[in-house]
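In: need a structure here:
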Amino acid sequence: MVDSTISGNSAYNGSGIYSNGDEFSLTVTNSTVSDNMARGDDGGISSRGNFSNVSVTGSTISGNSALGSGAGISFHGYHSTLTVSD
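Out: Numbers count the residues shown, from 1 in each chain. Model (predicted):
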């Protein structure tokens, strides 16, 4: 995902970006994920999978909320990598 905005969404889980599965790559570059609301878990970016790679570069993650856990970035998985940089 490049130069994009995901904002103002609601869902039970994973209201912004929700990736669920093994052996995938998710890249978020120069984008905004904001003001998303999860009634369960994972308001902003959710990654649930093993052997996966998630990269967030030059992006803004703000104002997301969850009644459960993971309001900003929620990351679950074995042998997976999360990289966040300016």
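In: average model confidence for the host helix or strand of residue 56?
Out: Using DSSP states H and E, residue 56 maps to strand 53-57. Mean per-residue pLDDT for strand 53-57: 95.
In: buried sites along it?
Out: Using 16 or more other Cβ atoms under 10 Å as the test for burial, strand 53-57 gives 53, 54, 56. Placement of C-beta: from N, CA and C, glycine included.
In: same question, stretch 37-48
Out: 37, 38, 41, 42, 43, 44, 45, 46, 47, 48.
In: Now do that stretch: distance from first to last residue.
Out: 18 Å (Cα to Cα, to the nearest Å).
In: and it, how far from the chain's centre?
Out: How far stretch 37-48 lies from its chain's middle: 7 Å, per Cα atoms, centre = their mean, to the nearest Å.
In: got the contact list for it?
Out: By Cβ atoms under 8 Å, 6 or more residues apart in numbering, the list of residues contacting stretch 37-48 from outside reads 9-21, 26, 28, 33-34, 36, 54, 56, 61, 64-77, 80, 82.
In: now do stretch 3-16
Out: With contacts defined as Cβ under 8 Å, 6+ apart, stretch 3-16 is touched by 17-18, 20, 29-46, 64, 66, 68.
In: Give me the buried positions along it.
Out: Buried, per 16+ other Cβ under 10 Å, within stretch 3-16: 6, 9, 11, 13, 14, 15, 16.
In: measure the third one to residue 57 for me?
Out: Yep, that's residue 11 we're talking about. 25 Å (Cβ to Cβ, to the nearest Å).
In: Which strands border the strand holding residue 56, and is each parallel or antiparallel?
Out: Here strand 53-57 has these sheet partners by DSSP bridges: strand 25-29 (parallel), strand 81-85 (parallel).
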